[in-house]
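Chemist: Okay, sequence plus prediction incoming.
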Amino acid sequence: MAETYTGEAYCVKCKEKRHFTGEVKVSESGRRMAQGTCPTCGTKVNRILGKA
C-alpha cells in the first residue's frame, strides 16, 4: 500500500500555496517527496519531505 500525504505545496502555475493530497515517493537522490495535483488548475505539485 502506498503512503499518502495531505498538506500544502507551492503551485508554480497559480503562484500560491495549495492544499493537496498526494502519494509519497522516493526520488533518485533518496529523498522522500509527495506528488499530487493542484485542485485549482490541475498542475502537478511536489513537496520534498526529507530523506528516506
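Modeler: Received, thanks. Numbers count the residues shown, from 1 in each chain.

Chemist: Around residue 38, count how many other residues there are.
Modeler: Per other CB atoms under 10 Å, the neighbour tally for residue 38 reads 19. Heads up, the C-betas are built off the backbone N, CA and C, glycines and all.

Chemist: Give the bridge partners for the residue nearest to it when sequence neighbours are not counted, please.
Modeler: In space, and not counting its chain neighbours, residue 38 is closest to residue 11: 4.4 Å by CB to CB, 6 or more residues apart in numbering. Residue 11 has these beta-bridge partners by DSSP bridges: residue 16.

Chemist: Which positions within the helix or strand harbouring residue 8 qualify as buried?
Modeler: Using DSSP states H and E, residue 8 maps to strand 4-11. Neighbour counts over strand 4-11 (16 or more other CB atoms under 10 Å) mark 5, 9, 11 as buried.

Chemist: how close does the residue nearest to residue 17 when sequence neighbours are not counted sit to residue 22?
Modeler: Distances taken as CB to CB, 6+ apart put residue 8 closest to residue 17, at 4.8 Å, once the chain neighbours are dropped. Residue 8 sits 11 Å away from residue 22, going by CB to CB, to the nearest Å.

Chemist: Now do the shared contacts for the two.
Modeler: The contact sets of residue 8 and residue 22 overlap at residue 47 (CB atoms under 8 Å, 6 or more residues apart in numbering).

Chemist: circling back to that earlier point, from memory the residue nearest to residue 38 sits against residue 18, does it?
Modeler: Yes. Between residue 11 and residue 18 there is a contact under CB atoms under 8 Å: 4.9 Å.
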